[in-house]
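Student: Pasting the sequence and the predicted coordinates here, then a few questions.
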Amino acid sequence: MASKAKARTGRRAATNRKAAKRDDKTGSAGAAKRPVVVSGSARPPTAGARRLRDENPRQHVEITLTLRGPKLPDADKLGGRAMSRARFRARYSASKSDADKVSQVLRKFGLKVVDVSLETRSMRVSGTVAQMEKAFQPRLGVYWSEDQGQFRDREDDYKIPASLKKIVTALIGFGQRRVMWRSRARIGAGLTPLSPSSLEALYHFPPGDGAGQKIAIAEFGGGYFAGDLALHCKTFGRKRPKVEIVSINWPVRNRRQIEQLPKDDRQDALDDTGEVMMDVEVAAGLAPGAKLSVYFATFDQKGWVDLLNRVIKDRPVALSVSWGSAEDSSDWSPAARTAINERLQAAAALGITICGASGDDGAGDEETDGAAHVDFPSCSPFVLAVGGTMIMRLGGEVTEQVWWETPGRRMKAGGGATGGGVSEVFRRPAWQRGIDIASLNGSGHWGRIVPDLAALAGPPGYAMIFRGKPDYGGGTSASAPLLAALIARVNALLPSEKRQRFLAPLLYRKSPLGRPIGDLVCYDITIGHNASKPKPGVGYEARRGFDAVSGWGAPIGTALLLALS
């Protein structure tokens, strides 16, 4: 009896296992048909924008996919000698099998694979809105806002076919929502802006002109006036550098083309071009022997990703970035911010120092919620964050102090103030953990602190040429290319084994004297604050040593060269 009962129990168990397998297969097949929400893809409505209608289903769209890949080097492990391109590709590229699988799946939806870059873990894919909706369900529409006019965008999340789960980590480019801004500081009238030679003297640039180095400059709008650069170099007695104009996905117009635009479009284009020319002229005046590559991309999330992909491939010694917005702005989707940060991380591993402006609106960073904010991408631990100073006369003595003039949202009323503070998104890297600066939002001391150092942003400003006439510029938008030029000058004089290193973590390392290198290679800025006004009215104070408004202070170029040697 016992043996028969055991046999019957065994037969039932076998039958149950077969049934379970059938159920599993049926369930798996059903699940495979259900698309999967991509983590971090949720995006709230655009502030101040309204949806006008659904996007035309026949409209062409190109997006950039981010593929999974091996874990990139952590910020705590950077700062040493950079990896070779070959080693980086071998260790950190996406797999070809993943890319092939994605291509195979997406072609079933009628989508076209435009480009595959395993090195940057990216695939560019194009198709109609109808095809994108079928594959990813982004619910695309036409929106309108006062700041941007009419543009394509999405809300909520998007999905991917279940077979691509964990392979595709982000889809960038469905929306054209503006995610970055830069404001041109209005320097006080009657002051004489500084020439390249004056800036060299102020920050003790080492000898040379950056020969053999490549400086990249990121631009998200505007055009390029070659005649202004030629006149700037002639006016200030500088050799005219070689300039490469690279259009990522933005048409680069010259002066004649811009001046033929309709009035409203023309003024916007001229404003943006003034910023472009300031970046180029600052870098050209301080590193005229370097090659300048100016990258133009759209001011949305896809522009960021595609531009950084190209920079990683080109591998300059420094990239100047004068654009950004609050790290926690609703304009960013978490998945896109992560995708951008991964590319910043790859750049740092390759020894590219990205010099990111910390912002021009104080600790509020153009937000109006009564809290402190820091600017992305400068708050990334894979960026050298650059704050701003100004030169003032106090009691008959000229001093360099924290840049603070009356800030206001996007400085429509003029003025400005350096950004700086504690990140609520990015953790504090190990090389900053000995620094005690609390977040003004009361969330603890764990976040990345910005800036790392600072340079001139306010009065008396930078001398430049625009539209054939003397002009001036400023803001942390000008501080960033100054640092990029200084890095190029220093790098050109270093022994080959000491070149091409991500600079930010090196500033926090202890020197043989027992003091942080940043403390030795910067002039301490101890006067001023970056409180935003009128709202939120919070900010940080300058103090002796490192602080959240000027970092280690203003650079001393010759000391930096000595320390890095």
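Tutor: On my side now, so go ahead.

Student: helices and strands around the helix or strand containing residue 265, which ones?
Tutor: Using DSSP states H and E, residue 265 sits in helix 263-286. When contacts are defined as 3 or more Cβ pairs under 8 Å, 6 or more residues apart in numbering; DSSP states H and E, helix 263-286 packs onto helix 196-202, strand 214-219, helix 226-235, helix 255-259, strand 291-296, strand 462-466, strand 469-473, helix 476-493. Every C-beta, even on glycine, is put in place using the N, C-alpha and C of the backbone.

Student: Tell me where the stretch 351-500 of the chain is predicted with low confidence.
Tutor: 394-396, 407-415, 442-445 (pLDDT under 70).

Student: Just the strands from it, written as ranges.
Tutor: 353-357, 375-376, 384-394, 397-402, 421-427, 447-450, 453-456, 462-466, 469-473 (DSSP state E, counting those that start in this stretch).

Student: In the stretch 51-200 of the chain, where is pLDDT below threshold?
Tutor: In the stretch 51-200 of the chain (pLDDT under 70), the answer is 182-190.

Student: just so I have it, where are all the helices in it?
Tutor: 85-92, 96-107, 129-136, 196-202 (DSSP state H, counting those that start in this stretch).

Student: Same list, the strands of the stretch 351-500 of the chain, but as a markdown table with distance to residue 62 and mean neighbour count please.
Tutor: Below are the strands of the stretch 351-500 of the chain laid out as a markdown table (distance: least, Cβ to Cβ, whole Å; neighbours: other Cβ atoms under 10 Å):
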| stretch | distance to residue 62 | mean neighbour count |
| --- | --- | --- |
| strand 353-357 | 25 | 30 |
| strand 375-376 | 24 | 30 |
| strand 384-394 | 31 | 24 |
| strand 397-402 | 43 | 17 |
| strand 421-427 | 28 | 22 |
| strand 447-450 | 32 | 27 |
| strand 453-456 | 37 | 29 |
| strand 462-466 | 33 | 24 |
| strand 469-473 | 34 | 17 |
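
Student: With distance to residue 324 as added columns, please give those strands in TSV.
Tutor: Compiled in TSV, these are given as follows (distance: least, Cβ to Cβ, whole Å):
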stretch	distance to residue 324
strand 353-357	7
strand 375-376	4
strand 384-394	10
strand 397-402	19
strand 421-427	13
strand 447-450	11
strand 453-456	16
strand 462-466	20
strand 469-473	17
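
Student: quick one, which of the ones you listed is nearest to residue 227?
Tutor: The closest of these to residue 227 is strand 462-466. By Cβ to Cβ, the value is 8.8 Å.

Student: how far is that closest one from where the chain is centred?
Tutor: Centroid displacement of strand 462-466 relative to its chain, using Cα atoms, centre = their mean, to the nearest Å, is 25 Å.

Student: just stretch 83-94 next, same as before
Tutor: Worked out by Cα atoms, centre = their mean, stretch 83-94 lies 22 Å from the chain centre.

Student: Quick check: nearest residue in space to residue 118, chain neighbours excluded?
Tutor: residue 93 (4.2 Å; Cβ to Cβ, 6 or more residues apart in numbering).

Student: Against residue 110, how distant is the closest residue to residue 302 other than its chain neighbours?
Tutor: With sequence-adjacent residues excluded and distances taken as Cβ to Cβ, 6+ apart, residue 302 is closest to residue 173, at 3.6 Å. For residue 173, the distance to residue 110 (Cβ to Cβ, to the nearest Å) stands at 17 Å.

Student: same deal with residue 221?
Tutor: 32 Å.

Student: cool, and residue 510?
Tutor: Using Cβ to Cβ, one obtains 58 Å as the distance from residue 510 to residue 110.
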